[in-house]
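Visitor: just to be clear, the model below is a prediction. Sequence and coordinates:
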Amino acid sequence: MKKFFYTLLTVVLCLQLSLLLHALIEWVYIKMVLARGGVLLNKGFLGEFYCVLPWWVSYGLIVLALIGGYFLAQVWWRIVYVEKRHWKNKTDSK
C-alpha cells in the first residue's frame with residue numbers, strides 16, 4: 001500500500017511538472033510566432049482549455065509525465081527503501 005501511494009504521488013508530481021513545462025513551451029512558442037508576424041490558432045486541450053501548440057506536443061507531455069513518473073517512482077523506491085541510500089543513513093567518515 002505504501003509503494004502504491006509513493007508511486008501515485010510521484011506520478012502526480014511529474015504531471016504537475018509537465019503542465020509547468022507545457023506552459024513554458026507554449027509561452028516561448030507564442031512569442032516566437034508573434035515575433036515572426038504569424039497567426040495563432042486556438043485548439044482544445046483536455047476538453048476545456050485552449051492551447052496553441054500542436055496536439056501531439058500537449059498530449060505527448062502528459063504521456064511522458066505518466067510513464068516517466070512511474071519509472072522515477074520505481075527508481076526512487078529502490079534507492080530509498082530497498083538499498084537504503086538516503087540522507088538519514090549516511091555516516092560521516094571524519
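Guide: Looks like it came in fine.
Visitor: hey, where'd the helices end up in the chain?
Guide: 2-35, 55-77 (DSSP state H).
Visitor: return the most buried member of those helices.
Guide: helix 55-77 (a mean of 15; mean count of other C-beta atoms under 10 Å). No exception for glycine: its C-beta is placed from N, CA and C like everyone else's.
Visitor: contact partners of it?
Guide: 3, 6-7, 10-15, 17-19, 21-22, 25, 43, 45, 51 (C-beta atoms under 8 Å, 6 or more residues apart in numbering).
Visitor: now Y70: how far from H22?
Guide: As judged by C-beta to C-beta, to the nearest Å, Y70 and H22 stand 19 Å apart.
Visitor: over to A65?
Guide: For A65, the distance to H22 - C-beta to C-beta - is 9 Å.
Visitor: for the chain, what helix or strand is lowest in average pLDDT?
Guide: strand 43-45 (a mean of 73; mean pLDDT, DSSP states H and E).
Visitor: pLDDT weak spots in the chain?
Guide: Residues of the chain meeting the criterion pLDDT under 70: 45-48, 88-94.
Visitor: residue contacts, the residue minimising distance to the centre of the chain?
Guide: Nearest residue to the geometric centre of the chain (C-alpha atoms, centre = their mean): S18, 3.0 Å. Applying C-beta under 8 Å, 6+ apart, we find S18 in contact with L61, I62, L64, A65.
Visitor: now with 10 Å, please.
Guide: S58, G60, L61, I62, V63, L64, A65, L66, G68, G69 (C-beta atoms under 10 Å, 6 or more residues apart in numbering).
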